[in-house]
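Q: sequence and predicted structure are below.
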Amino acid sequence: MAKSVALEKSASGSTALQMVSSLLDTLDRPLVVADRNGQLLFTNLHAQDYLEARGLSGKPELNLFRDLFQADCDGVLGQLERGEQEVNLPLESPEGKSRACIRWLPEPDWLAVYIEPT
């Protein structure tokens, strides 16, 4: 009986993850969720396209700070930990200028990043 309950929980967890993924894909801009070290956890379809256009989609060990922002992780995290609601970083791309809007989600200790044109 415990085995079927575990399978049920696993299936419902997988379903929940698929639902969250579908929700993220409805956003009209790139959205990336990363841990505080910059390792990607989730991306929506727009973010996948954005990363692919920059040659970053298949890169192993892709790091948000090093590879996309070219910014110091500690500096960004320090601003968020001091109470900034959002940190904006300028981004250059062939399509023009854009910015990364970074918000800290303290409970899971994740970073939610959306990218928008400026």
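A: Received, thanks.
Q: wasn't Ile115 part of a helix?
A: No - if the criterion is DSSP: H, G, I helix; E, B strand; the rest coil, then Ile115 is strand and not within a helix.
Q: got the contact list for the closest residue to it other than its chain neighbours?
A: Sequence neighbours aside, Pro30 is the residue nearest to Ile115 in space, at 4.3 Å (criterion: Cβ to Cβ, 6 or more residues apart in numbering). No exception for glycine: its C-beta is placed from N, CA and C like everyone else's. Shown in contact with Pro30 (Cβ atoms under 8 Å, 6 or more residues apart in numbering): 43-44, 46-47, 49-50, 114-115.
Q: tell me which two of these sit farthest apart.
A: Asp49 and Tyr114 (13.8 Å; Cβ to Cβ).
Q: out of these two, which sits in the busier spot?
A: Taking other Cβ atoms under 10 Å, Asp49 and Tyr114 do not tie; Tyr114 has more neighbours (19 against 13).
Q: which residues of the chain score low on pLDDT?
A: 1-13, 17, 94 (pLDDT under 70).
Q: what about the strands in it?
A: 31-35, 40-43, 87-93, 96-105, 110-117 (DSSP state E).
Q: packing partners of the longest one?
A: This means strand 96-105. helix 73-81, strand 87-93, strand 110-117 (3 or more Cβ pairs under 8 Å, 6 or more residues apart in numbering; DSSP states H and E).
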